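1. Below: sequence and its predicted model.
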Amino acid sequence: MSEQSPSFNNKLPLLKQIPIFQGLNDFVLNRISRHVEIVEYNKGDIICQQGAPADAFYALVSGRVYSYNFNSAGQKEEIGFILRGMHFGIISTLTGESHSCTYEAVNDSIIIRINKDSFSKLLKSAPRLAVALSKSLSQRYRHQVTHTKDAQESTVISVYGPLQGAGSSTYAVNLALGLKEQTNKKVLLLSLSADKAGQRNDLADIPIENGTVLDSITRDALSIDLLSLKFDPQNARLMGKIVQFLGTLVNDYYYIVLDLPSEMDDVVMKMLIQSDVIHLVVMDCKKDLEITRQLIDRLREQLKLRFRADSVQVIISGVSTENHMMTREIKKILNSDVFLILPHLQPVEFIYKEPIPGFAFVEVDAKSEYAQTLCRLARQIGKGMIGLVLGGGAALGLAHIGVIKVLERENIPIDMLVGSSMGALIASLWASGYAADEMEQFGREFENKSGMLELFDPPLERALLIFIIMLILIIFKFYIICLIFMFVVFPLSLPISGVVRGEGIRQWLKGKLGHRTFLDIKIPLKIVVYDLFHRREIVVSDGFLIDAVQKSVAIPGVITPVMEGKQMIIDGGVLNPLPTNVLADMGIKKIIAVNVLQSSEEVDWGQKLEEANVKVCLEIPFDKHPFKFMGFRIGRFISRIFMPNIADIIVRTLQATEFLIAEQSAKQADVHIHPDLRGVSWFELYQVNELIKRGEDAAIKALPAIKELVNR
């Protein structure tokens, strides 16, 4: 904080910019100006603290101020934003009570401050000021009653590429266009160039007065507003002006996207520091990444305690390089996470445009994967993300493919996927870029029941070893020891931690997912697993997809759990079969949930259908259909030997409780899809056609609600 900014020696023009002082004559304004202090606050400075004694009247000349308080539980509660021309601290000044909230500078801000005693005297000597203040307080009271905010929340996003050629300008322009399309809010693209010879307007020539700045904006060349400027990096006077300039613009826009030149100088660094979010667009090459890491370290040093890792986001550009680096190598060089990897743009997917002289940009085809990725990001920034939750249900989870079919056909945008158990498997395939038709073909691999045998790999190594030892004992006539092995040791060799090892499942997954990580997928994904040792849910969002999916499908007692360090990780659906809470905790307010678990009524219906089918088959006469007669009875005899078996008992027990949990979780969803899965059992992967069709039917039925949610 510093007083008496040399940039504002003449106080009278500043007072005329504050609405509460407008309408007063110069005589009164001159009297007020004698009591005014001009104070500069740096980003993150506390202007006045909740509970502190009343001290002054404040009015914002430039910048932004964030107001909040702490409730009795010590939790931070947002009040709102103070923008240029607005005043605060008035209630405390008039009543003498302590400040009811804290005011913090969001950007470097310049503030008019009038001591409370001086302000009280001014109210008595200037009746018009008292009337204006009364109207202002009445308006503020109405806002409190109707729960409306005094000012819109604005977001300043800086886009910076440390090296030329990374595509940062293409990213900035198309992000701004995406924000406009997805949020329908006012968006400004502020493009800065250090090329002094360019055709753009010079920042140094634009006065700070509000009207002049806004007159420089181009409003009809694109769907967004555009301000294209050049500046001289050697002009030291721009340092103070640039913050005031930005503070003027935030009044009028929900989103300001700054397209910064690659040349790093004090002006560019100042803009980065003043931004709410910084997007660093880099190529996946060592030099670019090392420079980016140095920049992040420099920002951390400049901002100190105000530095937030989640506000500095690294974007791996879609510009192709000769040798692509693995995501773990990129993370190691950066010493931080990668926020987003952009798809590579093909030449047919973009065109060059020059909407105004001196400003050319690359417009990306709206149907391209690049554009779709930016639209998804725009919804995330605009807090309008649509999340899809795919629940567990073993083979019943194939119905998810039918739901996805409908979503694809209707072009329903999905910004975040969450899955547990079989839902995690289907979600990982879709997130990896497989279409519903391709996933249907994967399911058809099990249409023939023999295909299911590839997944069945019981742990028989110990049993085989003991069997060989027994043969050796018999050969050498150690019959007593052989009997001990047969009745004591051999039973211990049977499956201990799972009927199936899971290696067959892993090999199948490897053929589909390969070495993809969570950073290589098309749609952001989170997979829910459960740590049985520590009895806690784990949400996996990094590493290899195959590892996360294998953990989430490890049905306890059926598939061997995954041992990782001091964790025993099992099926995520055991305690969270429909993890809508993951999306809700992320702040996603548009949630579609698909529950493929059967209710008790559906299970009972299926049981009665099976009994009816048995009755019909028992009435088949031997003389007319001898093969059917014998085949049914042989099959029934064999099934009685293996039923009930431990796997069936475990899964049916789990699904009985999981359905009740899923029904509760579904209450957090805006749209709940529950396909009719009567007459299908949890292990019947070969019923792929029927399961997908039922999922499709359920999604079609829910389409009106889904479309209403998307357009909300």
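-> Arrived safely, thanks for sending.
2. Tell me, please, the helix or strand in the chain that averages the lowest pLDDT.
-> Every helix and strand of the chain was ranked by mean pLDDT, DSSP states H and E. The lowest is helix 490-492, at a mean of 54.
3. What helices and strands are in contact with the longest helix anywhere in the chain?
-> Once the chain is assigned using DSSP state H, the helix that runs over the most residues is helix 688-710. Using 3 or more C-beta pairs under 8 Å, 6 or more residues apart in numbering; DSSP states H and E as the contact criterion, the secondary-structure elements in contact with helix 688-710 are helix 399-409, helix 436-443, strand 590-594, strand 671-673. All C-beta atoms are positioned from the backbone trio N, CA, C, and that covers glycine.
4. Which of those has the highest mean neighbour count?
-> Mean neighbours per residue, mean count of other C-beta atoms under 10 Å, is largest over those for strand 590-594, with a mean of 26.
5. Please write out the alpha-carbon positions of that one in PDB.
-> The C-alpha trace of strand 590-594 is given here as PDB (Å, rounded to 0.1, in the frame of the first residue of the first chain):
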ATOM      1  CA  LYS A 590     -25.400 -30.300 -14.400                       C
ATOM      2  CA  ILE A 591     -25.300 -34.000 -13.600                       C
ATOM      3  CA  ILE A 592     -26.600 -37.000 -15.600                       C
ATOM      4  CA  ALA A 593     -26.400 -40.300 -13.800                       C
ATOM      5  CA  VAL A 594     -26.900 -43.800 -15.200                       C
END
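6. can you list the residues that contact that strand?
-> 384-391, 399-400, 403, 414, 423, 578, 580, 583-584, 665-666, 668-675, 695, 698, 706, 709-710, 712 (C-beta atoms under 8 Å, 6 or more residues apart in numbering).
7. Show the buried residues in the residues you listed.
-> Buried positions within those, assessed by neighbour count (16 or more other C-beta atoms under 10 Å), are 384-391, 399-400, 403, 414, 423, 578, 580, 583-584, 665-666, 668-675, 695, 698, 706, 709-710.
8. Point out where this structure drops to low pLDDT.
-> Filtered on pLDDT under 70, the chain yields the residue ranges 1-9, 136-152, 208-212, 320-324, 448-502, 557, 606-620, 622-625, 627-648.
9. before we move on, the earlier item: may I see the buried residues of the longest helix of the chain?
-> Taking 16+ other C-beta under 10 Å as the basis for neighbour counts, the residues of helix 688-710 that come out buried are 688, 690-700, 702, 706, 709-710.
10. Go ahead and confirm residue 277 touches residue 159.
-> No - Residue 277 is not in contact with residue 159 according to C-beta atoms under 8 Å; the separation is 9.5 Å.
11. Neighbour count: the two, which is higher?
-> Set side by side, residue 277 and residue 159 show unequal neighbour counts under other C-beta atoms under 10 Å, the larger going to residue 159 at 25 against 17.
12. tell me the contacts of the more buried one?
-> With C-beta under 8 Å, 6+ apart as the criterion, the residues that contact residue 159 are 168-169, 171-172, 175, 257-260, 279, 281.
13. That one belongs to a strand, doesn't it?
-> Yes - the assignment for residue 159 is a strand, going by DSSP: H, G, I helix; E, B strand; the rest coil.
14. Return the distance of it relative to residue 16.
-> From residue 159 over to residue 16 the distance is 35 Å, taken as C-beta to C-beta, to the nearest Å.
15. so where do the helices sit in the stretch 451-600 of the chain?
-> Under the criterion DSSP state H, counting those that start in this stretch, the stretch 451-600 of the chain contains helices at 461-475, 479-484, 490-492, 503-513, 545-552, 580-585, 600-618.
16. go on, the stretch 151-300 of the chain?
-> For the stretch 151-300 of the chain, applying DSSP H, counting those that start in this stretch gives helices covering 168-183, 210-215, 238-249, 266-274, 286-303.
17. Is it possible to get CSV of the ones you listed that adds mean neighbour count and distance to residue 680?
-> Shown next, in CSV, are the helices of the stretch 151-300 of the chain (neighbours: other C-beta atoms under 10 Å; distance: least, C-beta to C-beta, whole Å):
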stretch, mean neighbour count, distance to residue 680
helix 168-183, 24, 39
helix 210-215, 12, 63
helix 238-249, 20, 59
helix 266-274, 19, 56
helix 286-303, 16, 50
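18. In JSON lines: these, plus distance to residue 371.
-> Supplementary listing: these in JSON lines, determined by distance: least, C-beta to C-beta, whole Å:
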{"stretch": "helix 168-183", "distance to residue 371": "7"}
{"stretch": "helix 210-215", "distance to residue 371": "30"}
{"stretch": "helix 238-249", "distance to residue 371": "26"}
{"stretch": "helix 266-274", "distance to residue 371": "26"}
{"stretch": "helix 286-303", "distance to residue 371": "23"}
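19. Nearest approach to residue 224 belongs to which of these?
-> Among those, the nearest to residue 224 by C-beta to C-beta is helix 168-183 (4.9 Å).
20. Near the residue nearest to residue 684 when sequence neighbours are not counted, how many other residues are there?
-> The shortest distance from residue 684 to any non-neighbouring residue, by C-beta to C-beta, 6 or more residues apart in numbering, is to residue 395 (5.2 Å). Neighbourhood size, residue 395 [other C-beta under 10 Å]: 23.
21. cool, residue 98 as well?
-> That count, for residue 98 with other C-beta under 10 Å as the rule, works out to 14.
22. Residue 573 and residue 119: what is the separation?
-> Relative to residue 119, residue 573 is positioned 63 Å away (criterion: C-beta to C-beta).
23. Surely residue 192 and residue 258 touch.
-> Yes - the criterion here is C-beta under 8 Å, and residue 192 meets it with residue 258 at 7.0 Å.
24. And those two? Which one has more around it.
-> Relative neighbour count places residue 258 above the other of residue 192 and residue 258, with 26 against 19, counting by other C-beta under 10 Å.
25. Leaving out sequence neighbours, find the closest residue to that one.
-> residue 158 (4.5 Å).
26. hang on, isn't the one you found packed against residue 278?
-> Yes - in this structure residue 158 lies within contact range of residue 278 using C-beta under 8 Å: 4.9 Å.
27. what residues do these two have in common as contacts?
-> Residues touching both residue 158 and residue 278 (C-beta under 8 Å, 6+ apart) are residue 272.
28. Look up how far residue 526 lies from residue 394.
-> Separation of residue 394 from residue 526 (C-beta to C-beta) stands at 21 Å.
29. And for residue 168?
-> Taking C-beta to C-beta, one finds residue 168 at 28 Å from residue 526.
30. Please apply the same query to residue 112.
-> 47 Å.
31. go on, residue 34?
-> Noted for residue 34: a distance of 60 Å to residue 526, by C-beta to C-beta.
32. before we move on, what about residue 697?
-> Counting by C-beta to C-beta, the gap between residue 697 and residue 526 amounts to 28 Å.
33. What of residue 408?
-> Distance of residue 408 to residue 526, given as C-beta to C-beta: 21 Å.
34. residues near residue 198, how many?
-> Neighbour tally, residue 198, other C-beta under 10 Å: 15.
35. going forward can the numbers begin at 22, since that is how I track them
-> Got it, first residue is 22 now, which makes that one residue 219.
36. Let me know whether it touches residue 378 as I believe.
-> No - Residue 219 is not in contact with residue 378 according to C-beta under 8 Å; the separation is 9.4 Å.
37. Could you tell me which residues touch both of those two?
-> For the pair residue 219 and residue 378, no residue contacts each of them under the criterion C-beta under 8 Å, 6+ apart.
38. How many residues are close by the closest residue to residue 390 other than its chain neighbours?
-> Taking C-beta to C-beta, 6+ apart as the measure, residue 390 lies nearest to residue 364, with 4.1 Å between them; neighbours along the chain are not counted. For residue 364, the tally of surrounding residues (other C-beta under 10 Å) stands at 15.
39. Would you mind confirming that residue 320 is in contact with residue 328?
-> Yes - between residue 320 and residue 328 a contact is recorded at 6.4 Å, counting by C-beta under 8 Å.
40. what about stretch 245-265, start to end distance?
-> In stretch 245-265, first residue to last residue: 22 Å (C-alpha to C-alpha, to the nearest Å).
41. do stretch 40-51 as well
-> Start and end residues of stretch 40-51 are separated by 16 Å (C-alpha to C-alpha).
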